[in-house]
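Engineer: Would you be able to build a 3D model of this:
(one chain, ligands or ions: 1)
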Amino acid sequence: MTASVLVIDDEYGVRTGVRQILEMEGFRVRDVETGREALDALSQSEFDIALIDYQLPDVDGLTLLASIRDQHPGTMTCMITAYANIDTAIAATRQGIDFFLPKPFTPEDLVGVVSTLARHKQLREEAERLKSEHEKNLFALATEKSQTRSLVASMRDAVLVVNRDGEIALANDAMARFLGKSESELLHARAADLIGLAPLATIREMLLPTAPERAVSEIEIGEKTYMASVTEFRLSSGETLGRILTIADTTDLRRMAMEKSRFIRTMVHEFRAPIGAVRSLVDVALDASMGEQIAAYVPLLQRATARLDGLGELIGDLLSLSRIDLERSRSATPGGEQVAPAVRAAVEVHQSRADLRGIGVSVEIAPDLPNAAIGGDELRTVLVNLVGNAVKYNRDGGRASVRASVADGSVLIEIEDTGIGIRAANVPRLFEEFYREKRPETRDVEGNGLGLAIVKRLVDKSGGQIDVASIENKGTTFHVRLPAATRV
Ligand code: ADP
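Structural biologist: Model (predicted):
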């Protein structure tokens, strides 16, 4: 693009001569006579170059120069003067003049100076463009850096980065808390000096430049377990930059893993007992140790069958437990499940056993009871288990009652018995898998300790609540609150 030039000279001949010469060279030129006209022209449009005569009729060249520098810093300035003396030169240089062109000058001089100024201007603009791009890049880099920082800061795991000299280059809040230091204490400190505690010696070694590139280690501090992992990081050229350490609190995971293996151990034991019992009963029959009469073995085989039935029930209950855990969503029947028929069906299941022991079972259902927001199978399983326990853990000739009513907008089902009750200390363990209260009264009661665990999970999953009130040797009441279904 051609440069634009403003010529300010009160001598008509000079300014038109300059304009003609420059126009021939392809410059866009405007010429004015006075300082005022020059400022007017500059306020209307930008000029790349201003050629200023030192001696103007209204203002002197230096004052005009000052206002041009001030208001149009992008315009290159050149002083044209017949009186090029050293004072003028110094004053103009102080004002930031870019060039001097002493009068008289040849057309070549003029074209040479203006072309140089135009090139300067171009270079200056280019430099400015590069500078602002560079600044933008720096800004982007700083933003990226701060994004990385806030990302690391918000991580739940403790993170620490050491450079190849073993100095801490980055540490988040979680790491500061883990090491009991402030973040500023950590920064630039030597990792080896800070990680001095005995259980952390492993970490210190993992951070050494000579240690393996990747390592994972479990650390125990008091009751807590942590997983520390260190990875060396490199540039794509292969040059090592440092190491990154993350520490995650794995206490809960560890506890869950231990609970799982405890569960499996108990489960194996629960399987072994009936298998062992059936085995020895079969052995008796095989040895014919009770004589040749088959009838003699009937009670034995009946016992074996009962144990096998128990085993079948155990398998069924374990499958139910795992199914409940795997199904994430609630399985409520649309419109909810009617409570009254489900209660009556559950009582029906246990009626003959109750009759055998002279236990009276009553049912009381509030009129206008809303449906419960739970699946039909789930509601039946809950009620069959709880009514069953009210009969199993009752006394001969005792009573059990099931009441259903509305409480605080929920369906409340209370299953009460006049049985053996539960010791206060054991109440918190009731809903654990395989938990059974060991008492002389419960020794002959069949069960596997999974019923209440299943009940609790089903009630929780429906968004309800279950709790128990019990007095040893007096009786127990389970309260089940289920969300009421919205009527359809
Ligand atoms: P199970 O009846 O198969 O042993 P549950 O999970 O249903 O398993 O119950 C766990 C334990 O809680 C029972 O072994 C018993 O000790 C106690 N329990 C449950 N219901 C009652 C109740 N109504 N009265 C007294 N104890 C009960």
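Engineer: Need the nearest residue in space to the closest residue to the ligand within the stretch 51-200 of the chain, chain neighbours excluded.
Structural biologist: The ligand sits closest to Arg156 of the stretch 51-200 of the chain, with a gap of 36.0 Å, by CB to the nearest ligand atom. In short, each C-beta sits where N, CA and C put it, glycine included. Excluding the flanking residues, the one nearest Arg156 by CB to CB, 6 or more residues apart in numbering is Ala174, at 6.5 Å.
Engineer: The one you found belongs to a strand?
Structural biologist: No: Ala174 is assigned helix when assessed by DSSP: H, G, I helix; E, B strand; the rest coil, not a strand.
Engineer: Test my guess that it contacts Val159.
Structural biologist: Yes: assessed by CB atoms under 8 Å, Ala174 is found in contact with Val159 at 7.1 Å.
Engineer: rewinding a little: helix, strand or coil: sort out the residue of the stretch 51-200 of the chain closest to the ligand for me.
Structural biologist: Here Arg156 is coil, with the state taken from three-state DSSP.
Engineer: Next: the one 3 residues further on.
Structural biologist: Under the three-state scheme (three-state DSSP), Val159 adopts strand.
Engineer: ok, now Asp165?
Structural biologist: coil.
Engineer: Next one, pLDDT for it please.
Structural biologist: Asp165 is assigned a predicted lDDT (pLDDT) of 86.
Engineer: ok, it to Val152 distance?
Structural biologist: Going from Asp165 to Val152 by CB to CB, to the nearest Å gives 20 Å.
Engineer: quick one, which of these two is more surrounded?
Structural biologist: More crowded of Asp165 and Val152, by other CB atoms under 10 Å: Val152, with 20 against 10.
Engineer: Doesn't the more buried one lie inside a helix?
Structural biologist: Yes: the assignment for Val152 is a helix, going by three-state DSSP.
Engineer: Distance check, it against Ser236.
Structural biologist: 21 Å.
Engineer: Please apply the same query to Ala332.
Structural biologist: 55 Å.
Engineer: so where's the chain uncertain?
Structural biologist: The model of the chain has pLDDT under 70 over residues 1, 83-85, 197-198, 330, 487-488.
Engineer: okay, now the residue in it that the ligand sits nearest to: neighbour count?
Structural biologist: Closest to the ligand within the chain is Gly447: 2.3 Å, counting by CB to the nearest ligand atom. Other residues within reach of Gly447, judged by other CB under 10 Å, total 18.
Engineer: now the one 5 residues further on
Structural biologist: For Leu452, the neighbour count with other CB under 10 Å is 22.
Engineer: surely it meets Leu430?
Structural biologist: Yes: counting by CB under 8 Å, Leu452 touches Leu430, with 5.5 Å between them.
Engineer: how near is Asp377 to Ile52?
Structural biologist: For Asp377, the distance to Ile52 - CB to CB - is 98 Å.
Engineer: Quick one: list the elements packing against the helix or strand that contains Gln122.
Structural biologist: Gln122 belongs to helix 107-153 when elements are defined using DSSP states H and E. Secondary-structure packing of helix 107-153 (3 or more CB pairs under 8 Å, 6 or more residues apart in numbering; DSSP states H and E): helix 12-24, strand 49-53, strand 76-81, strand 99-102.
Engineer: Using TSV, please lay out the ones you listed together with distance to the ligand and mean neighbour count.
Structural biologist: As requested, the helices and strands packed on helix 107-153 are exported to TSV (distance: least, CB to the nearest ligand atom, whole Å; neighbours: other CB atoms under 10 Å):
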stretch	distance to the ligand	mean neighbour count
helix 12-24	103	16
strand 49-53	96	26
strand 76-81	94	23
strand 99-102	99	17
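Engineer: With Asp368 as the reference, name the closest of the ones you listed.
Structural biologist: strand 76-81 (94.0 Å; CB to CB).
Engineer: How far does the helix or strand following that closest one sit from its chain's centre?
Structural biologist: Going down the chain from strand 76-81, the next helix or strand is helix 86-94, by DSSP H and E. Centre-to-centre, helix 86-94 and its host chain are 67 Å apart (CA atoms, centre = their mean, to the nearest Å).
Engineer: got the residues of the chain near the ligand?
Structural biologist: 385, 389-390, 393, 417, 419-422, 430, 435-437, 442, 447-453, 476 (CB under 6 Å from any ligand atom).
Engineer: Filter the residues you listed down to the buried ones, ChimeraX style.
Structural biologist: Selection of buried members from the residues of the chain next to the ligand for ChimeraX, criterion 16 or more other CB atoms under 10 Å:
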select :385,389,390,393,417,419,420,421,422,430,435,436,437,447,448,449,450,451,452,453,476
